[in-house]
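**Q** Here's a sequence, model it:
(chains A and B)
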There are 2 protein chains.
Amino acid sequence: MRCEVIAIGTELLLGQNVDTNSAWIGEQLALAGIDSYYHTRVGDNLARMVNALNIALDRNEAVIVCGGLGPTHDDITREALAEVMGAPLVRDDLLVERIRELFISRGREMPTNNLRQADVPEGASIIPQMPGTAPGLICPVGEKIIYAVPGVPYEMREMVAGTIIPDLQKRAGSVNVIKSRTLRTWGQSESGLAELLEPRIAELNKTDNPTLAFLASGIEGIKVRITAKAQDHATAQRILDEEDARLRAILGELVFGIDQQTMESVVIDQLRERNLTLAVTESITGGLMSARLTAAPYANEVLRGGIMLGSGEPQSYLLGMSALPADPETAARDMALIACRTFQADVGLAVAQATEANEPSARAANKIFLAIAIDGLAQSKLVHLPGRRESVRQFAVINLLNMLRLHLTADGSA
Amino acid sequence: MRCEVIAIGTELLLGQNVDTNSAWIGEQLALAGIDSYYHTRVGDNLARMVNALNIALDRNEAVIVCGGLGPTHDDITREALAEVMGAPLVRDDLLVERIRELFISRGREMPTNNLRQADVPEGASIIPQMPGTAPGLICPVGEKIIYAVPGVPYEMREMVAGTIIPDLQKRAGSVNVIKSRTLRTWGQSESGLAELLEPRIAELNKTDNPTLAFLASGIEGIKVRITAKAQDHATAQRILDEEDARLRAILGELVFGIDQQTMESVVIDQLRERNLTLAVTESITGGLMSARLTAAPYANEVLRGGIMLGSGEPQSYLLGMSALPADPETAARDMALIACRTFQADVGLAVAQATEANEPSARAANKIFLAIAIDGLAQSKLVHLPGRRESVRQFAVINLLNMLRLHLTADGSA
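**A** Numbering: from 1, shown residues only, chains lettered A, B, ... in the order given. As a prediction, the model looks like this:
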């Protein structure tokens, strides 16, 4: 089963928006075991959209087209689909009502423009998920299939995850229900994970149900996707749960979460469960840790505050001493304690960079001390991080968050 | 002149990397007045790369292919180009020497693999810019042209800006030299800028030299690109300088920089010139302002430190009072002064969100107070920012940086 992704929008060609939708869809297809050999971007132009769709249909069994389903006159994906299908656009009265109700529920009247969103090529069906006013479409073309989804990321994601991926998997195989779950892991390379899981993968290869797929996600770790096939939902769910437990028994602390969880959302959940508050002192990371934590759900319940030490000498009342110790490891521990004290927080985090004195070579910039303070006690760890300054900053943040996660996990189970 | 962009790499299809190169190239093409109607992504597979190149050549006069020029065995853009050109790959001895010297200059020996990077399809020429070991290629195919550049962003950008864009413009027109400069503006919409510049654009339309192009860049403002054509470099440069001065006379403070400058790099330059140091106190922005400033060049010469106030009550020594004033505008000013005092900085910045008391409706979350303190005096401003929480955070940061820029500019000219 080969599926091409086509992103619609002149703004993508002009570089005004980066096409992150295709990357996300590409990842979902890969995790579901569906091949995707080409991605295309094309502007809001009927002839060129039809051209791109025809080329895609020619070289694939399925196509996902993303964008151009809005209410304005440059939203012409519906027209392009009708032309490719050789079918007229027909206004769907049920859709008109659904869109009108959506406006009413928001206390607004439906603009006439939005009627266009109820136009559907004859023979197409509607994707059940519809979080906005743009309906997603399933358009058969001979033996092949085109799915159309809106470009608004959360609308697109709901439709792709809820309908398109399961439908593609069904078309590729012959079972009734396909469910999957992604284990988020951190701290091991893709080949390292594959080695750990080798015996289990060999076992799974005999039945091919469930299946496992690996996907690297840069500093965010490696994703392991479990996909289960069954005749009914309950059975698929049971297979997923059992495999999840088996993999965790092998991978242990490498697994930090599932599906949409992130390292910071997991850490914040852990702190909330334990009724602990958090504060940070940053140097080289310059506010990145605070910013990343702040953006996570429920951060405001946990995050008390942060200090960013730049090139200056802060007042002694902030440090509780006239200057931080010259040794960066001691400095990192003090910084974690300072965060706790200043913001009256239970847990303090800190990052400090090694100095020439620690590491006379040019590699001092890649040696970072991470520190955690809890209950007035600080501990620290030295890590060697790859790349240049921006890469070191990013890796320092996720390393420290993971260090806190492991600490809280160990504490909770003690 | 139509030019398609093809990005090479299986990791792009799998969503492991987002294809930011195509977006950047698309922007450069748009600013240079070259049409780009399709972008394609294809994996490291010879048959599919050749297929994508042939489709692109069929519907465009020019193609830029990005990636797959590295030394490893999955880097096969050279092979694909040779097949499309119907020409053999020939090892270029001068290139072998150039690559070998690059390794020697880094104190390393050249691995045998890197010899592959000196293989060039017969009839192709080398792009003069070569910041890494991957040579860029110019490949004529009949009347049409394919440019190949490496996927490493800084290598790609040097080649596109230095050779490909001027070459495409020369092919589109008939002059000898084309130079351009991008004015970065902030604080006016695209249509607002167009209105301000309407008389000047009408004048320029008579001669078509220089030309102007607008490009929206989200929260980063609108770019205005000046492109000048001439028989020689000095004349092109003179046309650019004169138009730059004319536009600045019309746009005034809306212009904050040129080309690669960013709002934060401009602010940091201004502070360095004036020998001023900076500190920040953030609340809703949660460290974003610090993080953005820290990532800019020379930030360490200027940025003394920052405080991020979360949900907790910090110690009174930090605030210099037991609690911040309930009125967020007064609080914002105090926060700016606290940043100065704590980090012994000349300039303090702060952001605070309006409360229900200021704005009983749900829109309080979109009302933000921005404050600047200089020499112990604080001033503040209320701004209404669009979107949800993450959008408000981003807009708050750039609004405040722009407010400081305008303040320092006014101060400097007084």
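**Q** and stretch A:19-28, what's its mean pLDDT?
**A** On average, the pLDDT along stretch A:19-28 is 92.
**Q** what comes up buried for that stretch?
**A** Buried residues in stretch A:19-28, counted by 16 or more other Cβ atoms under 10 Å in any protein chain shown: A:19, A:21-28. All C-beta atoms are positioned from the backbone trio N, CA, C, and that covers glycine.
**Q** Ok, stretch A:79-94 next?
**A** Going by 16+ other Cβ under 10 Å, stretch A:79-94 has these buried residues: A:79-85, A:87, A:89, A:92.
**Q** Quick check: A:I372 is in a strand.
**A** Yes: applying DSSP: H, G, I helix; E, B strand; the rest coil, one finds A:I372 inside a strand.
**Q** So what pairs up with it in the strands?
**A** A:L349, A:Q379 (DSSP bridges).
**Q** Just give me the neighbour total for it.
**A** A:I372 has 22 neighbouring residues, counting by other Cβ atoms under 10 Å in any protein chain shown.
**Q** Repeat that for the one 3 residues further on.
**A** By other Cβ under 10 Å, the residues close to A:D375 number 9.
**Q** same check, this time on A:A365
**A** Other residues near A:A365 number 18, with proximity taken as other Cβ under 10 Å.
**Q** I'd like the distance between it and chain B.
**A** Remark: distance between A:A365 and chain B (Cβ to the nearest Cβ, to the nearest Å) = 12 Å.
**Q** Alpha carbons only: can I get stretch A:100-110 in CSV?
**A** Extracted C-alpha coordinates of stretch A:100-110, given in CSV (Å, rounded to 0.1, in the frame of the first residue of the first chain):
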residue,chain,number,x,y,z
ARG,A,100,-25.0,25.8,10.6
GLU,A,101,-25.3,24.2,14.0
LEU,A,102,-21.6,24.6,14.6
PHE,A,103,-22.0,28.4,14.1
ILE,A,104,-25.1,28.5,16.2
SER,A,105,-23.3,26.7,19.1
ARG,A,106,-20.6,29.5,18.9
GLY,A,107,-23.3,32.2,19.0
ARG,A,108,-22.7,33.3,15.4
GLU,A,109,-24.6,33.2,12.2
MET,A,110,-23.3,31.1,9.3
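**Q** Buried residues, that stretch. List them.
**A** Within stretch A:100-110, the residues that count as buried by 16+ other Cβ under 10 Å are A:100, A:102, A:110.
**Q** I'd like these as JSON lines, with distance to chain B, secondary structure and pLDDT appended.
**A** Compiled in JSON lines, the buried residues of stretch A:100-110 are given as follows (distance: Cβ to the nearest Cβ, whole Å; DSSP: H, G, I helix; E, B strand; the rest coil; pLDDT from 0 to 100):
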{"residue": "A:R100", "distance to chain B": "24", "secondary structure": "helix", "pLDDT": "90"}
{"residue": "A:L102", "distance to chain B": "19", "secondary structure": "helix", "pLDDT": "85"}
{"residue": "A:M110", "distance to chain B": "22", "secondary structure": "coil", "pLDDT": "84"}
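**Q** Which of those sits closest to B:R388?
**A** Minimum distance to B:R388 across the buried residues of stretch A:100-110 is 18.6 Å, recorded for A:L102 (Cβ to Cβ).
**Q** nearest spatial neighbour of that closest one, skipping sequence neighbours?
**A** A:T133 (5.7 Å; Cβ to Cβ, 6 or more residues apart in numbering or on different chains).
**Q** got the contact list for the one you found?
**A** A:71, A:99, A:102-103, A:114, A:117 (Cβ atoms under 8 Å, 6 or more residues apart in numbering or on different chains).
**Q** who in the stretch 51-200 of chain A is up against chain B?
**A** Neighbours of chain B within the stretch 51-200 of chain A, by Cβ under 8 Å from any Cβ of the partner chain: A:51-52, A:55, A:59.
**Q** looking at those residues, which has the most residues close by?
**A** Counting neighbours by other Cβ under 10 Å, the top entry in these is A:A52, with 29 neighbours.
**Q** May I have the residues that are in contact with that residue?
**A** Per Cβ under 8 Å, 6+ apart, neighbours of A:A52: A:6, A:40, A:42, B:38.
**Q** if we go to 6 Å?
**A** A:A52 sits next to A:6, A:40, A:42 when contact means Cβ atoms under 6 Å, 6 or more residues apart in numbering or on different chains.
**Q** For the helix or strand in which it is found, what is the distance to the chain centroid?
**A** According to DSSP states H and E, A:A52 maps onto helix A:46-59. Centre-to-centre, helix A:46-59 and its host chain are 29 Å apart (Cα atoms, centre = their mean, to the nearest Å).
**Q** same question, stretch A:146-161
**A** Taking Cα atoms, centre = their mean, one finds the center of stretch A:146-161 at 15 Å from the center of the full chain.
**Q** And the contacts of that stretch?
**A** Contacts for stretch A:146-161 (Cβ under 6 Å, 6+ apart): A:21, A:25, A:28, A:63-67, A:69, A:77, A:127, A:129, A:131-132, A:134, A:136-139, A:164.
**Q** try it again with 7 Å
**A** Residues outside stretch A:146-161 that contact it (Cβ atoms under 7 Å, 6 or more residues apart in numbering or on different chains) are A:8-9, A:21, A:24-25, A:28, A:53, A:63-67, A:69, A:77, A:81, A:127, A:129, A:131-132, A:134, A:136-139, A:164.
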